[in-house]
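S.K.: Sequence and predicted structure are below.
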Amino acid sequence: MDELLQKLNPQQLQAVTAEDGPVLVLAGPGSGKTRVLVHRVAWLLRTRPPHLQAVMAVTFTNKAAREMRDRLSHLLGHSALDRLAVGTFHSLCARLLRREADSAGLDRNFVIFDSDDQLALMKSVLKSLNLDEKKFRPAAIHAAISRAKNELIAPAAYPLQSYFDEIVQRAYVQYNALLRANNALDFDDLIMESVLLLQRDEHVLRRSRERYAHILVDEFQDTNVAQYALVKLLAMEHRRLFCVGDPDQSIYAWRGADYRNVYRLRQDFPDLRVIPLEQNYRSTQTILDAAMAVIRKNAQRQHIQLFTDRGRGPRIVVRELFDEREEAEYVVETIREIARRGAAQRGEIAVMYRTNAQSRALEEAFIRAGEPYRLVGATRFYARREIKDTLAYLRIVHNPADTVSLQRVINVPPRGIGEKTFAQLELVARARGLTPLQAIQQGAVDGRAAKALQAFAERWQSWIALSAQASLLQLFDHILNTSGYADYLRDGTQEGEERWENVQELRNVIAEAGGLSLADFLAEVSLVSDVDDFDERVDAPVLLTLHAAKGLEFRVVFIVGLSEGTLPHSRTLDDPEQIAEERRLLYVGITRAQERLYLLYPFRRSFWSEDDVTEPSRFLRDLPPELLEGNVGGRAGAKRKASQWQSEPVKPKASLRFRPGDRVSHPHFGSGVVLSSAPIGDDEELEVFFPSVGGKRLSANFSGLKQL
DNA sequence: CTTGCTACTCTTTTT
DNA sequence: GAGTAGCAAG
């Protein structure tokens, strides 16, 4: 038998070698579904006539796509990749639309607006409709439009049941118009426009069906209506469709994902073959039992029995700590202990939480302890101001119609081109059907700022000219220097240097990619996801949200903040459907763990500088006591343990101005974190950690240290 | 037009 | 507690 197929269990083998025709693999967590998917693709590429069959595989993240490509080129050799299109729905649709730009009625150079851009555009929509942002929150309107696009509802078909709906509809029309005027698409457009194109244009549809003779979809439970429509359009005729999913891990309903697509699949493809994968290769039975105990409480689900041959393993630790800070310290301390005992390496450990804001307390604890960590998401690299600014410069060169990017940089550094001038420019350009660049060049805007505008347009034009001849890297450097942005950023402060370093990091990305075109670079950058750039080779624990943890596994998992209001989140409490999703979220978190699981919650939580007593999460009650370490009985017992663990009291003396963990700023060293504080006469001796220079001993009275 | 101040809302989760 | 919108002064 093919060596490709060794090491697969019978169910996996059945899935990998299934005959052509619609297949749904219902895969529990840790059942090797990624492996099945990759081997299925390999199997198809190997057994089908090379000239006929190509494969489209849809993964949930770009990271997964990259890993699949790596595995396949290892298994089959690099040339096999020629017949494979693999990526997320978004990246594959972006490629389709670019390829078929003419048929789609799009300019091939369209850019993709990220969430920041989308929000900025929405704000200008509301402004032009004279709507008060207080009353109609841009984010809320945008969310409604996004939902509509995910369900393939055009502006004209938007259902009007309230005054708010009418506002949304008007905003929807205007928002789309502005996107077009900017030669831009938002994330949702990538899918919706692709579907519309395939519905409208028979030739494109036929071409696409031929191009993708096999279609494979990972994380099928997280597809939305539009994505399902796309899959159906492409696969309905040849029916060579292979989906992998787990309804219990559906955690994206809030962005339009509809696990009922699993039922639609059954309806639309009556010959659908369903193959379950129940054996788990990841976790101990203790962890699986806990996971099943949690998920079992959700109604309306098929009963899946997860089993493993990895043994029972250590029991699960459930623990109450005093507050978020102690919780974080417990995590850091325990990780240290685990690493010291050699129970796991730091890089095999993850800390998960419901909301990004919770990473804060954890980060501070890691910094205080001088322990390394990796953070996924939150302050995403590509969301940083200096990165967005730099990209905006590149984007206006690539696409002079992009007014959102132009607005970002036209007066950064300050050039005397303010809001008024920009508004006028935008107005004139739109009225005459010109790009802002053309409008300036034709002298369409006069007044005091005209001179400044001319000067900027000249620069801009010269960058465009350069972009035609020079490499991306040369263009990058040239723009930074001649725009004045480099000097502007490097203002001599600590923070400025850090921001400049980030820009240099972006430069490295370009340099390493080698010979990338401006268009390709921008297209790639706008679709990177949080987990995409997380480096597995670094030996440090990972901090990430439960959502971002999907598809990953770790030997040791900590889940923090397991209290009512956090998980389940307070915004979900009035809706049983949403609480069910919160439960699935915890299920996903638990099943990431291979060996050890810690479930923590704080007794007290501070919220906007107010302290609240919290209830432990209702989900914790569903855990059978025999799976848990020690007795978790009442709150008092847990609290005693928490303080017992705390070897030294951290309660500060009332006279001290600084406490460990305080964020401070210093005139020379920039911002830092207080590690310790001890009274000396009337003064305090402080130990402060600065990211720039490391640890310093300072006097509270004389160092000029300020609390942040 | 820019800067610096005060007041205000806001915390889910993300391609 | 923090980022930002809005306002007043330079």
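M.R.: Ah, there it is. Quick caveat, the model's predicted, so the values are computed rather than measured. Residues are numbered from 1 along each chain as shown, chains lettered A, B, ... in the order given.
S.K.: same question for stretch A:363-372, mean pLDDT?
M.R.: For stretch A:363-372, mean pLDDT rounds to 85.
S.K.: And for stretch A:42-49?
M.R.: Stretch A:42-49 shows a mean pLDDT of 86.
S.K.: Can you list the buried residues in that stretch?
M.R.: Within stretch A:42-49, the residues that count as buried by 16 or more other CB atoms under 10 Å are A:Ala42, A:Trp43, A:Leu44, A:Leu45, A:Arg48. The way it works is simple: take the backbone N, C-alpha and C, and place the C-beta from them, glycine included.
S.K.: what do you get for stretch A:56-75?
M.R.: For stretch A:56-75, burial by neighbour count (16+ other CB under 10 Å) applies to A:56-65, A:67-69, A:71-72, A:75.
S.K.: So which of the residues you listed belong to strands?
M.R.: Those of those mapping onto strands are A:Met56, A:Ala57, A:Val58, per DSSP state E.
S.K.: ok, of those residues, which one's closest to DNA strand C?
M.R.: Closest to DNA strand C out of those is A:Val58 (33.4 Å), distances taken as CB to the nearest atom of the strand.
S.K.: OK, contacts around that closest one?
M.R.: A:Val58 sits next to A:Val86, A:Gly87, A:Thr88, A:Phe89, A:Leu92, A:Ile215, A:Leu216, A:Val217, A:Asp218, A:Val231 when contact means CB atoms under 8 Å, 6 or more residues apart in numbering.
S.K.: what does A:Ala350 give?
M.R.: A:Pro541, A:Val542, A:Leu543, A:Leu544, A:Ala549, A:Leu552, A:Phe554, A:Val556, A:Val557, A:Phe558, A:Arg592.
S.K.: just checking, which of these belong to strands?
M.R.: Among these, the ones falling in strands (DSSP E) are A:Val542, A:Leu543, A:Leu544, A:Phe554, A:Val556, A:Val557, A:Phe558.
S.K.: restrict the residues you listed to contacts with DNA strand C.
M.R.: Checking the ones in strands among the contacts of A:Ala350 against DNA strand C by CB under 7 Å from any atom of the strand, not one of them is in range.
S.K.: Would you reformat the residues you listed as a markdown table and include neighbour count?
M.R.: Putting these into a markdown table (neighbours: other CB atoms under 10 Å) gives the following:
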| residue | neighbour count |
| --- | --- |
| A:Val542 | 25 |
| A:Leu543 | 25 |
| A:Leu544 | 25 |
| A:Phe554 | 24 |
| A:Val556 | 25 |
| A:Val557 | 27 |
| A:Phe558 | 27 |
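S.K.: and of those, the nearest to DNA strand C?
M.R.: Nearest to DNA strand C among the ones in strands among the contacts of A:Ala350, with distances taken as CB to the nearest atom of the strand, is A:Leu543, at 17.6 Å.
S.K.: Tell me what that closest one is bridged to.
M.R.: Applying DSSP bridges to A:Leu543 gives these bridge partners: A:Val351, A:Leu375.
S.K.: what about the stretch 451-600 of chain A, any weak spots by pLDDT?
M.R.: A:528-536 (pLDDT under 70).
S.K.: Of the ones in strands among the buried residues of stretch A:56-75, which ones also sit close to DNA strand B?
M.R.: Within these, nothing lies near DNA strand B by CB under 7 Å from any atom of the strand.
S.K.: Now flag whichever of the contacts of A:Val58 is closest to DNA strand B.
M.R.: DNA strand B lies nearest to A:Thr88 out of these, by CB to the nearest atom of the strand, at 4.2 Å.
S.K.: residues near A:Leu586, how many?
M.R.: For A:Leu586, the neighbour count with other CB atoms under 10 Å is 26.
S.K.: which residues touch the residue of the stretch 451-600 of chain A found nearest DNA strand C?
M.R.: Nearest residue of the stretch 451-600 of chain A to DNA strand C: A:Glu495, at 11.6 Å (CB to the nearest atom of the strand). Taking CB under 8 Å, 6+ apart as the contact definition, A:Glu495 lies against A:Gly670.
S.K.: repeat for A:Leu394
M.R.: Counting by CB under 8 Å, 6+ apart, A:Leu394 makes contact with A:Leu475, A:Phe476, A:Ile479, A:Leu518, A:Phe521, A:Leu522.
S.K.: So the third one sits against A:Leu472, correct?
M.R.: Right, A:Ile479. No. In this structure A:Ile479 lies outside contact range of A:Leu472 using CB atoms under 8 Å: 10.6 Å.
S.K.: All the helices of the stretch 451-600 of chain A, in order from the start?
M.R.: Counting by DSSP state H, counting those that start in this stretch, the stretch 451-600 of chain A has helices at residues A:472-482, A:485-489, A:494-513, A:518-525, A:576-590.
S.K.: Out of those, which one sits most buried?
M.R.: Each of those was scored by mean neighbour count; the highest is helix A:576-590, a mean of 21, by mean count of other CB atoms under 10 Å.
S.K.: just checking, what packs against that one?
M.R.: Counting contacts by 3 or more CB pairs under 8 Å, 6 or more residues apart in numbering; DSSP states H and E, helix A:576-590 packs against helix A:285-295, strand A:554-559.
S.K.: That one near DNA strand B anywhere?
M.R.: Yes. For helix A:576-590, a contact with DNA strand B is found by CB under 7 Å from any atom of the strand, at A:Gln578.
S.K.: Touching that helix from outside, list them.
M.R.: So helix A:576-590 is contacted by A:29, A:248-251, A:253-254, A:287, A:290-291, A:294-295, A:297-299, A:352, A:354, A:546-547, A:549-550, A:557, A:559, A:562, A:567-569, A:571-573, A:597, A:617, A:619 (CB under 8 Å, 6+ apart).
S.K.: Which pLDDT value does the model give A:Arg282?
M.R.: For A:Arg282, the pLDDT comes out at 93.
S.K.: any idea how far DNA strand C is from the closest residue to it other than its chain neighbours?
M.R.: For A:Arg282, ignoring the flanking residues on the chain, the nearest one in space by CB to CB, 6 or more residues apart in numbering is A:Gly30 at 2.9 Å. Note on A:Gly30: its distance to DNA strand C, by CB to the nearest atom of the strand, to the nearest Å, is 38 Å.
S.K.: Surely A:Gly30 and A:Asn280 touch.
M.R.: Yes. At 4.3 Å, A:Gly30 counts as touching A:Asn280 under the criterion of CB under 8 Å.
S.K.: shared neighbours of the two, anything?
M.R.: With CB under 8 Å, 6+ apart as the test, A:Gly30 and A:Asn280 both reach A:Thr308.
S.K.: thinking again about what came up before, and the helices and strands packed on helix A:576-590 as a markdown table, adding distance to A:Tyr393?
M.R.: What follows is those, written out as a markdown table (distance: least, CB to CB, whole Å):
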| stretch | distance to A:Tyr393 |
| --- | --- |
| helix A:285-295 | 48 |
| strand A:554-559 | 39 |
